[in-house]
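Q: Need a 3D model of the sequence below.
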Amino acid sequence: MSKPIIAVTMGDPASVGPEVAAKALARGEVWDCCRPLLVGDARVMAKAVALLDTPLALRAIAEAGDARFDPAAPDVLDLGNVDLGSLELGRVSAAAGRASVDYIERAMKLAQAGQVDAIATGPINKAALKAAGVPFIGHTELLAALTGEERVTTMLATPGLRVVHVTRHVSLADVAKHITRENVLETTRLTDVGLKQMGIPAPRLAVAALNPHGGDDGLMGREEIEAIGPAVEAARAEGIDAHGPIPADSVFFRAIRGEFDAVIAMYHDQGHIPIKTHGFERSVTVTLGLPVVRTSVDHGTAFDIAWQGVAHEESMVEAVCLAAQLVSGR
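A: Okay, the predicted model is just below:
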């Protein structure tokens, strides 16, 4: 009973989320690291289990306190918010988008009430959120609003490489205006704290440059001179082992080689591409800066393969077990 309780959200019901959750709950390593509590729709999950060659028998419950944490019959906190008769599998829909947000909101309430120790989330879809009238583009923004936190950021992690982003869902045309000394420094601080919670006592951080060749002394941009470099100096003055700005075309190789524990990237694709190239199936997302531990799969809703029984669960298994590890670190 000392294992942490991890709320696992089902994700978009029309997506690979239910299948990935079911497959993860059938994996012994998930039960070795924690007590999982699935938050979703019991009928959708039963349909997902029917796709799999597994003796898994899900147990629907109405309240988190009713959970038994039996590996042979995993608990599903049943919100009953999906009409299977009208659900279009593998398609964007407002109803599925709204349902996916319901699971996140319930999981966060459980965490804030101390009924679960952390959250591991399944995939949601931006277009479905928009169709449902949800005013957030993804998990990070929604979770920040639910907790009242203004400074949060995203870490992507896969074996051998970790990346944290200064900007996330910002168009490339607008990235530079967000690369300020304050934003880079705050992201560096959040990364240092997050890695310590992951059991790294003295994190070594590489801060990527924004411009080609690190700006070439201002010839290709001044962000390195006016924002990134000063942020690194300020972080070092606070005792953080930060290095940079380092040109992006070499910094990830150096991190994979073992020189750094994490890379701080300036924008979405600068960090996502190396992570997904290096180890896509096992990569996970961690939200830094929240009062609640939250991890997630590092893949989308994959409507093209949804409900075919072929989705891989490795990312969800990694996300759940990392959430348990972070709880222990806190």
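Q: Just the element for the nearest residue to residue 34 once chain neighbours are set aside, please.
A: Distances taken as CB to CB, 6 or more residues apart in numbering put residue 324 closest to residue 34, at 4.1 Å, once the chain neighbours are dropped. Bear in mind the C-beta positions are built from the backbone N, C-alpha and C, glycine included. Taking DSSP states H and E as the definition, residue 324 sits inside helix 314-329.
Q: So what touches that helix?
A: 3-4, 6, 8, 20-21, 23-24, 27, 29-30, 33-34, 36, 117-122, 157, 196-199, 281-286, 293-299 (CB atoms under 8 Å, 6 or more residues apart in numbering).
Q: Helices along the stretch 51-200 of the chain, start to end?
A: 94-112, 126-131, 139-147, 175-178, 181-197 (DSSP state H, counting those that start in this stretch).
Q: Could you look up the SS state of residue 287?
A: strand (DSSP: H, G, I helix; E, B strand; the rest coil).
Q: Same check on the one 3 residues further on?
A: Reduced to three states with three-state DSSP, the structure at residue 290 is coil.
Q: likewise the one 4 residues further on?
A: The three-state label for residue 294, taken from three-state DSSP, comes out as strand.
Q: residues contacting it?
A: Listed by CB under 8 Å, 6+ apart, the contact partners of residue 294 are 118-121, 139, 143, 286-287, 323.
Q: ok, back up a step: what is the neighbour count of the residue nearest to residue 34?
A: 25 (other CB atoms under 10 Å).
Q: Could you check how far it is from residue 45?
A: 21 Å (CB to CB, to the nearest Å).
Q: how close does the residue nearest to residue 34 get to residue 33?
A: As for residue 324, its distance to residue 33 is 4 Å (criterion: CB to CB).
Q: who touches both of those two?
A: Counting by CB under 8 Å, 6+ apart, the contacts common to residue 324 and residue 33 are residue 3.
Q: and residue 13, helix, strand or coil?
A: coil.
Q: How about the contacts made by the closest residue to residue 240 other than its chain neighbours?
A: Sequence neighbours aside, residue 192 is the residue nearest to residue 240 in space, at 4.8 Å (criterion: CB to CB, 6+ apart). Residue 192 makes contact with 203, 205, 235, 240, 242 under the criterion CB under 8 Å, 6+ apart.
Q: Likewise for residue 144?
A: With CB under 8 Å, 6+ apart, residue 144 has these contacts: 150, 152, 289-290.
Q: May I see those arranged in TSV, with distance to residue 92 and pLDDT as well?
A: As requested, the contacts of residue 144 are exported to TSV (distance: CB to CB, whole Å; pLDDT from 0 to 100):
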residue	distance to residue 92	pLDDT
150	30	82
152	26	84
289	29	86
290	27	89
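Q: And the pLDDT for the residue nearest to residue 240?
A: Per-residue confidence (pLDDT) for residue 192: 95.
Q: do you know how far it is from residue 207?
A: Noted for residue 192: a distance of 12 Å to residue 207, by CB to CB.
Q: Pull up the overlap in contacts between these two.
A: Joint contacts of residue 192 and residue 207 (CB under 8 Å, 6+ apart) are residue 242.
Q: Give me the buried stretch members for the helix or strand harbouring residue 277, please.
A: Element membership for residue 277 (DSSP H and E) is helix 268-279. Judged by neighbour count (16 or more other CB atoms under 10 Å), helix 268-279 contains these buried residues: 268, 270-272, 274-276, 278-279.
Q: now the angle between helix 314-329 and that helix, please.
A: Interaxial angle of helix 268-279 relative to helix 314-329 (axes from the mean of the first three to the mean of the last three CA atoms, to 10 degrees): 100 degrees.
Q: Burial check on residue 197, number of neighbours?
A: 16.
Q: Residue 232 now?
A: If you count neighbours by other CB under 10 Å, residue 232 ends up with 25.
Q: Helix, strand or coil: sort out it for me.
A: Judged by three-state DSSP, the three-state class of residue 232 is helix.
Q: mind checking how far it is from residue 244?
A: From residue 232 across to residue 244, the span is 5 Å (CB to CB).
Q: got any residues that touch both of these two?
A: With CB under 8 Å, 6+ apart, residue 232 and residue 244 have common neighbours residue 207.
Q: Domain-wise, how is this protein divided?
A: Listed by automatic domain parsing, the domain ranges of the chain are 1-149+290-330, 153-287.
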